[in-house]
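Peer 1: Provided below are the primary sequence and the corresponding predicted coordinates.
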Amino acid sequence: MGKLIHIGFGNVVNTGKIIAIVSPDSAPVKRMVQKAKEEGMAIDATQGRKTKAVLVMENSQIVLSALLPETISGRAQSEDNGTDEE
């Protein structure tokens, strides 16, 4: 299992399974999220807040987060840097 990063409100994801972290503002991403919700492949980790980042996972699941994509990617990169030092 890879490193876990915090994506807000006590929720964590495995960094080794993340394919992309994108903003939910574009129409193609909105369609992707809607399709994932219909198929039961969306995980909503926003706790009722506005979705600011969409994490696309290896297993075709979509994780919705209330944190900005820059924040999540920064945390993922700092985790990667931490493993290089060990």
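Peer 2: Structure received.
Peer 1: Per-residue pLDDT of Asn81, please?
Peer 2: Among the per-residue scores, Asn81 shows a pLDDT of 80.
Peer 1: So it: helix, strand or coil?
Peer 2: helix (DSSP: H, G, I helix; E, B strand; the rest coil).
Peer 1: where's it relative to Asn14, distance?
Peer 2: 17 Å (CB to CB, to the nearest Å). Just so you know, the C-beta spots here come from the backbone N, C-alpha and C atoms, and that holds for glycine as well.
Peer 1: Which of these two has more residues huddled nearby?
Peer 2: Asn14 (13 against 9; other CB atoms under 10 Å).
Peer 1: if I pick that one, what's in contact with it?
Peer 2: Applying CB atoms under 8 Å, 6 or more residues apart in numbering, we find Asn14 in contact with Met1, Gly2, Lys3, Leu4.
Peer 1: hmm, try it at 6 Å
Peer 2: Applying CB atoms under 6 Å, 6 or more residues apart in numbering, we find Asn14 in contact with Gly2.
Peer 1: Okay, and the beta partners of it?
Peer 2: Listed by DSSP bridges, the beta-bridge partners for Asn14 are Leu4.
Peer 1: how far away is it from Ile62?
Peer 2: Distance, Asn14 to Ile62, by CB to CB: 15 Å.
Peer 1: Identify the residue nearest the residue most central in space within the chain in space, chain neighbours excluded?
Peer 2: In the chain, the residue lying closest to the centroid (CA atoms, centre = their mean) is Leu55, at 2.9 Å. Of all residues not flanking Leu55 in the chain, Val63 sits nearest, at 4.1 Å (CB to CB, 6 or more residues apart in numbering).
Peer 1: Cool, thanks, talk later.
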